[in-house]
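Asker: Give me coordinates for this.
(one chain, ligands or ions: 1)
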Amino acid sequence: MKMVVGISGASGAIYPYQLLSFLKANTAHEVFVVASDNGRRIFKEELNRDLEEMGFPLFSTKNFDVPSVSGSSKMDQMIIVPCSMGTLGRIAHGYSDDALTRSADVFIKEKRKLIIVPRETPFSLIHIENMRLLSLAGVTIIPAIPSFYSHPKTLEEAAFTVTARILDHMGIENDLRKRWKV
Ligand SMILES: Cc1cc2nc3c(=O)[nH]c(=O)nc-3n(C[C@H](O)[C@H](O)[C@H](O)COP(=O)(O)O)c2cc1C
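Answerer: Residues are numbered from 1 along each chain as shown. Presented below is the predicted three-dimensional model:
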């Protein structure tokens, strides 16, 4: 599959880190990353790592020279993780002013799989309405909310409960966390 991983300026850099690490180590999918300035900055602040280290082609949201901005490109999936409320609101209202929001706009209009992993707390009515609109448009919303019934022992294990859900929805086999009653 060909896929875009978008990273915007919300807390939760551990999620794209786990997702990209998994894709690199376990799959041969063609992946490229589009990150906003704040997405890149928060990745560095939270993980003390640079996105370049992940080993995938990396584009700025200001760079429109990425295939996913056009419906003519043959892309299969897009995942935005984490998704800030700013990026989420712009996508929900078709405000495609950068490569990330435009790519999402293309995935929605072409009826391709788009997964958004929002992170904010609390949610305002505006955030909730924007998520409602995206859900109606066929977007899968997987909030960055870990679960605890698998008794995670570390922060990484707790975060895996979200990353595993993302991979499940991408249709990618994974064993990142213990499933309920399995
Ligand atoms: C350290 C830090 C953490 C942030 N965390 C969040 C967050 O969890 N959710 C959110 O919606 N915005 C968060 N923001 C604000 C966004 O980064 C900001 O609204 C930005 O303009 C979003 O633009 P982008 O979506 O293009 O990255 C955070 C900003 C900083 C500096």
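Asker: burial of the residue of the chain found nearest the ligand, as a residue count?
Answerer: Going by Cβ to the nearest ligand atom, the ligand is nearest to residue 9 of the chain, at 2.6 Å. To be clear about C-beta, it is placed using only N, CA and C from the backbone, and glycine gets the same treatment. Residues near residue 9, counting by other Cβ atoms under 10 Å, number 21.
Asker: Let's verify it: helix, strand, or coil?
Answerer: coil (DSSP: H, G, I helix; E, B strand; the rest coil).
Asker: Now it. Nearest residue, chain neighbours left out?
Answerer: Nearest residue to residue 9, sequence neighbours excluded (Cβ to Cβ, 6 or more residues apart in numbering): residue 38, at 2.5 Å.
Asker: Wasn't that neighbour part of a helix?
Answerer: Yes: inclusion of residue 38 in a helix is indicated when three-state DSSP is applied.
Asker: Please report the residue range of the longest helix in this protein.
Answerer: Longest helix in the chain, counting residues (DSSP state H): helix 155-170.
Asker: same for that one, what does it pack against?
Answerer: For helix 155-170, the elements it packs on are helix 14-26, strand 77-83, strand 113-118, judged by 3 or more Cβ pairs under 8 Å, 6 or more residues apart in numbering; DSSP states H and E.
Asker: Please identify the deepest-packed of those.
Answerer: Mean neighbours per residue, mean count of other Cβ atoms under 10 Å, is largest over the helices and strands packed on helix 155-170 for strand 77-83, with a mean of 26.
Asker: what's the closest of the helices and strands packed on helix 155-170 to residue 156?
Answerer: For residue 156, the closest of the helices and strands packed on helix 155-170 is helix 14-26, at 7.2 Å, according to Cβ to Cβ.
Asker: tell me which strands and helices that closest one is in contact with?
Answerer: Identification of packing neighbours for helix 14-26 by 3+ Cβ pairs under 8 Å, 6+ apart yields strand 2-7, strand 30-35, helix 37-47, strand 77-83, helix 155-170.
Asker: quick one on the thing from earlier: turn the helices and strands packed on helix 155-170 into JSON lines, columns for mean pLDDT and distance to residue 168.
Answerer: Listed next are the helices and strands packed on helix 155-170 as JSON lines, based on pLDDT from 0 to 100; distance: least, Cβ to Cβ, whole Å:
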{"stretch": "helix 14-26", "mean pLDDT": "97", "distance to residue 168": "12"}
{"stretch": "strand 77-83", "mean pLDDT": "98", "distance to residue 168": "12"}
{"stretch": "strand 113-118", "mean pLDDT": "98", "distance to residue 168": "10"}
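Asker: Need those in TSV (columns: distance to the ligand).
Answerer: Listed next are those as TSV, based on distance: least, Cβ to the nearest ligand atom, whole Å:
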stretch	distance to the ligand
helix 14-26	11
strand 77-83	7
strand 113-118	7
